[in-house]
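**Q** Fold the following.
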Amino acid sequence: MLRCAPATILVLLFAGIPLFGQTAPLGVITQSSGGHLNAAATSTGTTIYNGDRLSTEANGVLGARSGSVQLLLSGDSAIFVGQDGTNLTGALQRGSVAFTVESGGGGAPAYRRRYSSPSPIASSHCWANDA
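**A** I've put the predicted structure just below:
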């Protein structure tokens, strides 16, 4: 019986079943040039979690996707991302962020908006995430 325990644990880890204390991913980085996730440089395909800080260098750009919501940070921008139920939330610290919420059919954008921050703490927003 004890000999099966390590094999069972490995099967659970590789099956992708969240274990106690693990959080579900919030989204993924779709493009990054001079982009950072928390304090580290990031690249396309990096996973985003609730409470992560996305930022860009002066001439950077960073794109992220969470379900049907896409975010695009321009140069010298920073935002904290989170989740409230099934909704993506964001608190823009500086710079600007554009977002698109796609409709269910055909991938056509249902809503687009850009926010800019003249002050260090500009605003918080919540975007519906239907996927």
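**Q** Show the average pLDDT along the longest strand seen in the chain.
**A** Counting residues, the longest strand found in the chain (DSSP state E) is strand 87-102. The average pLDDT within strand 87-102 is 85.
**Q** What strands flank it, and is each parallel or antiparallel?
**A** Sheet pairing here is set by DSSP bridges, and for strand 87-102 it gives strand 69-73 (antiparallel), strand 78-84 (antiparallel), strand 109-117 (antiparallel), strand 123-127 (antiparallel).
**Q** weakest of these by average pLDDT?
**A** strand 123-127 (a mean of 53).
**Q** which residues sit against stretch 23-41?
**A** Stretch 23-41 is contacted by residues 18, 42-50, 52-67, 69-70, 73, 75, 81-83, 88 when judged by CB atoms under 8 Å, 6 or more residues apart in numbering. Just so you know, the C-beta spots here come from the backbone N, C-alpha and C atoms, and that holds for glycine as well.
**Q** Alright, that wraps it up for me.
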